[in-house]
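Asker: no FASTA, just this:
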Ligand SMILES: O=C(CO)COP(=O)(O)O
């Protein structure tokens, strides 16, 4: 399996810029002190005001070959009268290589539609950023047996009309909403079923074998050092998008170490 894994920390609305800088310094020292887990990329996604501080720490650490900066959101226009918004070119210039789009907290707390997410995904690609596209069903949708329907709709609206080559470069995060911040994670088998049986197979049907084979698909939702192994045991799962456990040096470094593919 040649796909590298991506272990991303979504810090959400935690850590001021000075806290983020100090944390990143400690985290990077710890990551740099151990052997690089083979085939693993790490992405740190602080809040907008902390991006430049964390970028400076990544540069200083010398780990830029495998540790990248990511943002948590972007707007689809490049510039203009959009008070409070941040564009792809701004993020790229601030040192970002990745950007999360369609996180469930934005979809459900802030009312982002599938169409908005699709525009943001395009804007990310146009700015040379790798989008981390989040998809996932709510508890209610899961109870109604709508997981496949919801995940397929979110995925297909976001990728609609893209060239297969562009799709191959996207990272998808399957984050069931009921598992986010609840301590109740999906099982490895449940995550694998959606990741392989829904997401990768839909991409294969629409964009072909090559795009499906290159696309990286993470699991997210209450990932921690105790359960990461259960997900990484599946070759289909290409990493994790980590919330709460990415805010502590020890738990995040343990998750990163577990990301290497078994040989
Ligand atoms: O939303 C998440 C990452 O984007 C997951 O958050 P938790 O790991 O805190 O459940």
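Answerer: Perfect, thanks for sending it. From a predicted model like this one, the values you see are computed outputs, not experimental measurements.
Asker: List of residues touching stretch 177-195?
Answerer: The contact list for stretch 177-195, computed with C-beta atoms under 8 Å, 6 or more residues apart in numbering, reads 104-105, 108, 136-139, 142, 147-148, 151, 174, 176, 217, 219-224, 227, 230-231, 233-234, 236-237, 243-244. Using the backbone N, CA and C atoms, a C-beta is placed for each residue, glycine as well.
Asker: Enumerate every residue touching the closest residue to the ligand within the stretch 1-150 of the chain.
Answerer: At 3.7 Å from the ligand, residue 10 is the closest residue in the stretch 1-150 of the chain, using C-beta to the nearest ligand atom. Counting by C-beta under 8 Å, 6+ apart, residue 10 touches 45, 72, 100, 103, 220, 241, 242, 243, 246.
Asker: switch to 7 Å and redo it
Answerer: If you count contacts by C-beta atoms under 7 Å, 6 or more residues apart in numbering, residue 10 has them with 45, 72, 100, 241, 242, 243, 246.
Asker: cool, and residue 142?
Answerer: So residue 142 contacts 176, 178 (C-beta under 7 Å, 6+ apart).
Asker: which parts of the helix or strand where it lies are buried?
Answerer: Using DSSP states H and E, residue 142 falls within helix 139-143. For helix 139-143, the neighbour count (16 or more other C-beta atoms under 10 Å) marks 141, 142 as buried.
Asker: Just to check, residue 78 is in contact with residue 91?
Answerer: No: taking contacts as C-beta atoms under 7 Å, residue 78 lies outside contact range of residue 91: 11.2 Å.
Asker: Show me what from this structure comes close to the ligand.
Answerer: 10, 103, 175, 180-181, 220-223, 241-245 (C-beta under 6 Å from any ligand atom).
Asker: what about the closest residue to residue 34 other than its chain neighbours, neighbour count?
Answerer: Nearest residue to residue 34, sequence neighbours excluded (C-beta to C-beta, 6 or more residues apart in numbering): residue 257, at 6.9 Å. When counting by other C-beta atoms under 10 Å, one arrives at 17 neighbours for residue 257.
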